[in-house]
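Student: Let's see this in three dimensions:
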Amino acid sequence: MWLTAAVVSAFVWPVERSLELLSRVGIGAGWQVPVLYGASALDALIGLLVLAGVRPLPVGVLQLVVIGGYTAIITLFLPWMWADPFGPLVKNLPLAAAILVWMALEVE
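Tutor: Residues are numbered from 1 along each chain as shown. Okay, the predicted model is just below:
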């Protein structure tokens, strides 16, 4: 999921639409491109950490913090996304639960 999100954000989704959303959340024009590709790089890093089997507790916490941050920002500035029929925000709830289960199962 993280790797797919990174690739789609950086290379598939129209950049103009991403920059428009970043503008709506208060990111200035000079920062929009670095934030877009920085967030994509962060998503890719998380995906690689998960694939590499890096310790689940810190990687799980990182995932939860990033999901929580993305969700909070979108909730504050783009609340209509909660009603999107494709569930870009609603999916975060079961995803967070799955991460917590993964963390619990992997703790030795």
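Student: what residue is smack in the middle of this structure?
Tutor: Centroid-nearest residue in the chain: residue 67, 5.3 Å away (criterion: CA atoms, centre = their mean).
Student: Residue 35 reaches residue 22, doesn't it?
Tutor: Yes - with contact defined as CB atoms under 8 Å, residue 35 reaches residue 22; the gap is 5.8 Å. C-beta here means a position set from N, CA and C on the backbone, and glycine is covered the same way.
Student: All the helices of the protein, in order from the start?
Tutor: 2-7, 15-24, 29-52, 56-77, 92-106 (DSSP state H).
Student: Show residues contacting the first one.
Tutor: Residues outside helix 2-7 that contact it (CB atoms under 8 Å, 6 or more residues apart in numbering) are 40-41, 43-44, 46-48, 50-51, 63.
Student: returning to that earlier point: which one of residue 35 and residue 22 has more residues nearby?
Tutor: Under the criterion of other CB atoms under 10 Å, the comparison of residue 35 against residue 22 puts residue 22 first, with 20 against 15.
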